[in-house]
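Chemist: how would this look folded up:
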Amino acid sequence: MHPRGDENEGVTSTPFDPTTLLPDDLLERFRERAVVHDRENTFPEADLAELKAAGYLAILVPAELGGAGLGLAEASVLQQRLAGAAPATALAVNMHLVWTGVAKVMADRGVDALRFVQEGAVQGEVFAFGISEAGNDLVLFGSDTDAAPQPDGGYAFTGTKIFTSLAPVWTRLGLHGLDTTSPDGPKLVYAFVERSDAVVTRDDWDTLGMRGTQSRTTELHGATAPADRVVRRIDPGPNPDPIVFGIFSVFELLLASVYTGIARRALDLAVAAAQTRVSKKTGAAYSQDPDIRWRIAGMALAYDALPPQIAALSRDVDERADHGARWFSLLAGVKHRAVTAAKAIVDDAVLVAGGSSYFTRSELSRLYRDVLAGMFHPSDPESAHSTVASAWLGPLEI
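Modeler: Next up is the predicted model:
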């Protein structure tokens, strides 16, 4: 694990070096396996084992609890680096990091309800993210999953969650459901359940890209969370509760990080292709072709804008900056820009590399498919535009 260093006055802090946790040789192993997992539609078990051994699952856990003590800004850099080698591995582990990130965001703001997540991550628990539901465009503001209160203060959850990454390996599932029967209801209930006979994972992940995430559908048939794993009961709809801000901020920023990492890898591959491909017409490398140079310059201009934006907002979350009502538009905006720019960059990289990138053996071919997944994560383009329009123009009056 790599500590952030002592930032106390008079003490020189240790510079953050992402290669300590993710050295080049480790990433090369991940890149080699990514080909196999994409082809065979399997989960990257070996990648996860190596990440666990490196302490990666606890990078956002405070050092005093046994973690690396990193902030969201450092985690973002690591996820960009990991995604450049194995996008599906990065996206899968992202969902675990969301929960440890939420635990950090809430603890930083005086709410220690997710201490068990931090302690569990140090002990090797794998936390999955069970929020998405088919047709539920309310996302964090509503749920079609029934949350039935139990006599001991726990809840039994019945419903179906989709896109549950880490499906073959998770040990705890963080989820939400709607309690409509309690006297103070309806309430959205956030809780964590363990694997049991009441949780059924469908083997239905056969997708165009991001195949290694194994984000399968999860059926809940009265899956029970005990009282000490019920972490929040809040009103449905837009809500300033720390858990809503925590999930939205960490989810959007780490997603933006993954797709920014894909964009960087595509840019690097395009540069390499331009330097090695030689024109029969001119006898010069394509790197000397004005049209190719213009295209790669455009890719670089788009990419260069992404890491600083993500870093700035990540630091603002870490340092508890107050953007007030603008927070959600800023977060939705950076995720939207990252995924749209990444897709455009991969598109251009394929054109620079030429017809060889059309073969499935090409890494760019895989990146081309993987990057498409970015559009489906919240906030989707429609939601992002709606959020930003409301921030600048006010809510719709009709």
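
Chemist: check for me that A83 belongs to a helix.
Modeler: Yes: A83 forms part of a helix when assessed by DSSP: H, G, I helix; E, B strand; the rest coil.

Chemist: from now on call the first residue 309
Modeler: With the count now opening at 309, the last piece we talked about shows up as A391.

Chemist: ok, it - contacts?
Modeler: Contact analysis of A391 by C-beta atoms under 8 Å, 6 or more residues apart in numbering lists 398-399, 565-570, 573. Where you see a C-beta, it was placed from the backbone N, CA and C, and this is true even at glycine.

Chemist: ok, for it, nearest residue in space, not its chain neighbours?
Modeler: G569 (2.9 Å; C-beta to C-beta, 6 or more residues apart in numbering).

Chemist: what about that neighbour, helix or strand, and which?
Modeler: Here G569, judged by DSSP states H and E, is contained in helix 550-584.

Chemist: cool, and F500?
Modeler: Assigned by DSSP H and E, F500 falls within strand 495-502.

Chemist: how about whatever helix or strand comes next after that strand: buried residues?
Modeler: Where DSSP H and E defines the elements, the next helix or strand beyond strand 495-502 is strand 507-509. Buried positions in strand 507-509, judged by neighbour count with 16 or more other C-beta atoms under 10 Å: 507, 509.

Chemist: ditto for stretch 326-334
Modeler: Under 16+ other C-beta under 10 Å, the buried positions of stretch 326-334 are 326, 329-330, 334.

Chemist: tell me the one of the residues you listed nearest A535?
Modeler: Nearest to A535 among the buried residues of stretch 326-334: L329, at 35.8 Å, using C-beta to C-beta.

Chemist: centre of the chain to the helix holding G569, how far?
Modeler: 9 Å (C-alpha atoms, centre = their mean, to the nearest Å).

Chemist: in it, what's buried?
Modeler: Buried-residue list, helix 550-584, by 16+ other C-beta under 10 Å: 550-575, 577-579, 581-582.

Chemist: now swap in stretch 440-447 and tell me
Modeler: By 16+ other C-beta under 10 Å, the buried positions in stretch 440-447 come out as 440-441, 444, 447.

Chemist: and the furthest pair within those?
Modeler: Pairwise distances across the buried residues of stretch 440-447 (C-beta to C-beta) peak at 8.5 Å, for the pair E441 and V447.

Chemist: just the strands in the stretch 359-508 of the chain please.
Modeler: In the stretch 359-508 of the chain, the strands defined using DSSP state E, counting those that start in this stretch lie at 435-438, 454-457, 463-472, 480-487, 495-502, 507-509.

Chemist: tell me the one of the contacts of A391 nearest P616?
Modeler: P616 has its nearest neighbour among those in T568, at 10.6 Å by C-beta to C-beta.
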